[in-house]
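Student: heads up, no residue letters with this:
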């Protein structure tokens, strides 16, 4: 493992609270729990063909979006703003697999891209400008384009 990788993983482990609600892969009831856990302000819920997008604004100004299928499952999350959200809360049960997969990732000024059969995470950024998205391919609604996860 590269020294930068160990530092990043250590920082992520310390930067997030130990308790988390289910988010990615969770059900509709987790959306409100996620909002409360992150101390975020709810913004608009936007219905679309086959899904609903719920947006939150964190105290830092970062916007977090959770995408829910008509079956009430969170199939994707995205973020952009001056800070990275609490990934343990945002990724829920997918946080540990994400950390395990990210260990082999090259760091520096390169985007983080984790692609596994049932988890895709893309994250990029630098001081005060971060963006990312994560989704579970098996939970995507029919005919849904991942380009909509912004």
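Tutor: Okay, I see it. Model, not experiment: these values are computed from the prediction.

Student: for the helix or strand hosting residue 42, give the mean pLDDT please.
Tutor: Secondary structure from DSSP states H and E places residue 42 in strand 41-48. Across strand 41-48, the average pLDDT comes to 82.

Student: that strand: partners in the sheet, and parallel or antiparallel?
Tutor: Strand 41-48 has the following sheet partners, assigned by DSSP bridges: strand 51-57 (antiparallel).

Student: identify the residues contacting the strand it pairs with?
Tutor: Strand 51-57 is contacted from outside by 31, 34-35, 38, 40-46, 63-70, 75, 141, 144, using CB atoms under 8 Å, 6 or more residues apart in numbering. From N, CA and C alone the C-beta is placed, and that goes for glycine too.

Student: can you flag the buried ones in those residues?
Tutor: By neighbour count, with 16 or more other CB atoms under 10 Å, the contacts of strand 51-57 hold 31, 34-35, 38, 40, 63-69, 75, 141, 144 as buried.

Student: what is the least confident helix or strand in the chain?
Tutor: The helix or strand of the chain with the poorest confidence is helix 3-15; it has a mean of 41 (mean pLDDT, DSSP states H and E).

Student: touching, residue 139 and residue 25? I think so.
Tutor: Yes: counting by CB atoms under 8 Å, residue 139 does reach residue 25; the two are 6.8 Å apart.

Student: of these two, who's got more company?
Tutor: Neighbours were counted for residue 139 and for residue 25 using other CB atoms under 10 Å; residue 25 has more, 21 against 18.

Student: so what pLDDT did that one get?
Tutor: Here the pLDDT value assigned to residue 25 is 90.

Student: what about it, distance to residue 79?
Tutor: Distance of residue 25 to residue 79, given as CB to CB, to the nearest Å: 17 Å.

Student: cool, residue 141 as well?
Tutor: From residue 141 to residue 79 the distance is 21 Å (CB to CB).

Student: cool, and residue 137?
Tutor: Going from residue 137 to residue 79 by CB to CB gives 19 Å.
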